[in-house]
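Student: give the three-dimensional model of this entry:
(chains A and B)
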Amino acid sequence: IAGITQAPTSQILAAGRRMTLRCTQDMRHNAMYWYRQDLGLGLRLIHYSNTAGTTGKGEVPDGYSVSRANTDDFPLTLASAVPSQTSVYFCASSEGTSVDNEQFFGPGTRLTVL
Amino acid sequence: KQEVTQIPAALSVPEGENLVLNCSFTDSAIYNLQWFRQDPGKGLTSLLLIQSSQREQTSGRLNASLDKSSGRSTLYIAASQPGDSATYLCASQDDYKLSFGAGTTVTVRA
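Tutor: Sure, this is the predicted structure:
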């Protein structure tokens, strides 16, 4: 079944540790995104990539980095995790960024930083 | 900075009643307005996308309208069912970026 997979499903992490959240899509979409969802705040964009080889900062990029070496994969790295990064992280993709491009979401990764 | 608001935060209705979910946004220069459904502990499922040049979109029991001039979108769900219980999120798209509301959590009582 075509779609977006994320790994791990959930993770408990000690503060100060490095963590990479994985995201893979098989729809050959050009654009990919990382969001975090916090209670009462909705989803906020962390980083995005319009096409392989390019990335950009979203609304809340501090403490996170991304890379886009190929079309399918878009990993999100927390270099040194802090408790405020406890959240649910969603990866999404779309064909492009034009007016009719729906974004499709993965199942999410629930991250707890202690 | 685009601000998207959804009121109320929660809604409970008896089965069969029509649902009306509201979404407002501050910047009318949007590419489109999207409605999503989120079940507890799950990801987001796209329901409807209304392009900025359109006034409404329909899919089955769902109808979404868009009024850019007033910065409002409304999602109507006809003849609600217990399976419609979920959180509904609206998001406006500006270029690459989706700006989300915090969602309306709907409970449909059998």
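
Student: which residues are in contact with residue A:90?
Tutor: Applying CB atoms under 8 Å, 6 or more residues apart in numbering or on different chains to residue A:90 gives the contacts A:6, A:34-37, A:43, A:105-106, A:108-109, B:43-44. Every C-beta, even on glycine, is put in place using the N, C-alpha and C of the backbone.

Student: residue A:63 contacts residue A:78, correct?
Tutor: Yes. Distance between residue A:63 and residue A:78: 6.3 Å, which falls inside the contact criterion (CB atoms under 8 Å).

Student: compare these two (neighbour count), which wins?
Tutor: Relative neighbour count places residue A:78 above the other of residue A:63 and residue A:78, with 19 against 14, counting by other CB atoms under 10 Å in any protein chain shown.

Student: any shared contact partners between residue A:63 and residue A:78?
Tutor: Among the neighbours of residue A:63, those also in contact with residue A:78 (CB under 8 Å, 6+ apart) are residue A:85.

Student: so for chain A, the centremost residue is which one?
Tutor: Residue closest to the mean C-alpha point of chain A, counted by CA atoms, centre = their mean, is residue A:34 at 2.7 Å.

Student: can you give me the neighbour number for the closest residue to that one other than its chain neighbours?
Tutor: Beyond its immediate neighbours in the sequence, the residue positioned closest to residue A:34 (CB to CB, 6 or more residues apart in numbering or on different chains) is residue A:46, lying 4.4 Å away. By the measure other CB under 10 Å, the count of residues near residue A:46 is 24.

Student: is it true that residue A:46 lies in a strand?
Tutor: Yes. With DSSP: H, G, I helix; E, B strand; the rest coil as the criterion, residue A:46 is located in a strand.

Student: that older thread, isn't the residue nearest to the centre of chain A right up against residue A:65?
Tutor: No. In this structure, residue A:34 is not within contact of residue A:65 by CB under 8 Å, at 10.4 Å.

Student: joint contacts of the two?
Tutor: With CB under 8 Å, 6+ apart as the test, residue A:34 and residue A:65 both reach A:47, A:76.

Student: which helices and strands sit right next to the helix or strand of chain B with the lowest mean pLDDT?
Tutor: One helix or strand of chain B scores below all others by mean pLDDT, DSSP states H and E: strand B:97-100, with a mean of 89. For strand B:97-100, the elements it packs on are strand A:31-38, strand A:42-49, strand B:86-94, judged by 3 or more CB pairs under 8 Å, 6 or more residues apart in numbering or on different chains; DSSP states H and E.
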